[in-house]
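A.B. asks: No letters, just coordinates:
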């Protein structure tokens, strides 16, 4: 055997060892023991429930509010460094949220990058990149905004993958390109054939950022769960995760006797009614509806919600506003001089045609779940009040909540204040950065008027 052959064999052996090492890392990182995770989360949840029962002794004169505002960022934290984790490409609201985020003032937010998750992650990355690159080109943004196809498959779920079948066409991809990205998602250029690229990007951002980062999570939590597993140290540099999902309409009070002081069965709140105006310490509140983003990867959600990270949930209880004003036809015309606006317009047009076919009638609007979630990440509690406490995800994807106004890490969106004003602000924010800044000034004045009127009413009552 000559020297060159020997060298080649050594290189081949090294490659094989690297592959084996990668397989071992993947096995350790993605193994999910349902019984073990459920046992840990349930034990922790029961301990927290017991702790809240002692609050009436620790704070006898404290009048806790059921619904509160989430702490805002300090001025030095702005612009807020943000990672946008999304299942963009199916429902239109992800694309609308990304467009909104790109058009917000630079002094408020800095988009570090986009990671995709769930199903056809390569196609989803191409859709996100199409919006981002058109934005960079038209607004002459020199700084890179990387996009990565996320990890797949999921850790644990109980439902089959859902796709509309239209994914990718809004990003001006042809059928051949779409099929390739479905079959080989990690050929997406930023990934460089690595399925861990999105996970590693999240870890890198957390470790290298001088400020704590926020993660907008508007899909399943696979990438986030794996990032927390691979490097638990990143938790110290995550300010919050703002998650689109959780209760559909309401939390339902548990049938069991959960208040150990008052040996009675608490009233049941019907699933279709409003959140109870007064939450009680020591009670478990259940939601028997499993939202889509939890169902995507139940295992990942169980782990992330048990990690200790602050999580804001913007769910269907508050995201019920209907977006069908004059901006919708303007988007669908696709005649803007800005490419990002036109890409989202095409995606919106495809989505509304798809929905119209399903319901056999013309659908002219959509619920902007993800844009509201994005708003709450950058401007916490400007429009939503939250129930603070601890949320546990069950193996079925349902949720259980304990109200904890003192130490709760989870904030559940419960009251949507001034939806018409938000919709107006959101609509104008999509048009252009210049109009957005002007509109912010106008809306600040409107919100101040409302605040002054509310204070006046309180003063009159007193």
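C.D. replies: Great, that's in hand. Just so it is clear, the structure is predicted and the values come from calculations on it, not from any experiment. Numbering: from 1, shown residues only.

A.B. asks: make it CA atoms for all contacts and neighbour counts henceforth
C.D. replies: Will do.

A.B. asks: Is residue 387 bridged to anything, and to what?
C.D. replies: Beta-bridge pairing for residue 387 (DSSP bridges): residue 412.

A.B. asks: Tell me the confidence at it?
C.D. replies: pLDDT, residue 387: 92.

A.B. asks: Tally up the residues packed near it, please.
C.D. replies: Residues near residue 387, counting by other CA atoms under 10 Å, number 27.

A.B. asks: Check the gap between it and residue 306 for me.
C.D. replies: Between residue 387 and residue 306 the distance is 18 Å, computed by CA to CA, to the nearest Å.

A.B. asks: quick one: average pLDDT of stretch 365-382?
C.D. replies: Summarised as a single mean, pLDDT over stretch 365-382 is 95.

A.B. asks: List the neighbours of it that are in contact with it.
C.D. replies: Identification of contacts with stretch 365-382 by CA atoms under 8 Å, 6 or more residues apart in numbering yields 69-72, 80, 93-94, 96-98, 100-101, 108-109, 214, 216, 218, 242-244, 314-316, 319-325, 328, 352, 383-384, 426.

A.B. asks: Inside strands: which ones of the residues you listed?
C.D. replies: In strands, defined here by DSSP state E, the members of the contacts of stretch 365-382 are 80, 109, 214, 216, 218, 242-244, 314, 384.

A.B. asks: can you list the residues you listed in CSV and add distance to residue 124 and neighbour count?
C.D. replies: Below are the ones in strands among the contacts of stretch 365-382 laid out as CSV (distance: CA to CA, whole Å; neighbours: other CA atoms under 10 Å):
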residue, distance to residue 124, neighbour count
80, 25, 24
109, 23, 20
214, 21, 23
216, 16, 26
218, 13, 27
242, 20, 26
243, 19, 27
244, 18, 27
314, 22, 29
384, 29, 25
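
A.B. asks: which among the residues you listed gets closest to residue 38?
C.D. replies: Proximity of these to residue 38 (CA to CA) peaks at residue 243, which lies at 21.0 Å.

A.B. asks: Would you mind measuring from that closest one to residue 305?
C.D. replies: Distance from residue 243 to residue 305, counting by CA to CA: 11 Å.

A.B. asks: Tell me the residues that contact both of these two, please.
C.D. replies: Between them, residue 243 and residue 305 share these contacting residues under CA under 8 Å, 6+ apart: residue 311.

A.B. asks: Let's see the pLDDT reported for residue 152.
C.D. replies: Looking at residue 152, its pLDDT reads 93.

A.B. asks: now it, what's its secondary structure?
C.D. replies: coil (DSSP: H, G, I helix; E, B strand; the rest coil).

A.B. asks: I'd like to know how many residues surround it.
C.D. replies: The number of residues packed near residue 152 is 17, by other CA under 10 Å.

A.B. asks: try the one 4 residues further on
C.D. replies: Residue 156 is flanked by 21 other residues according to other CA under 10 Å.

A.B. asks: go on, residue 62?
C.D. replies: Using other CA under 10 Å, residue 62 has 9 neighbouring residues.

A.B. asks: Just the strands from the stretch 1-150 of the chain, written as ranges.
C.D. replies: Listed in chain order, the strands found in the stretch 1-150 of the chain under DSSP state E, counting those that start in this stretch are 80-86, 109-116, 147-148.

A.B. asks: Packing partners of the longest one?
C.D. replies: In this case it means strand 109-116. strand 80-86, helix 93-103, helix 121-138, strand 147-148, helix 197-208 (3 or more CA pairs under 8 Å, 6 or more residues apart in numbering; DSSP states H and E).
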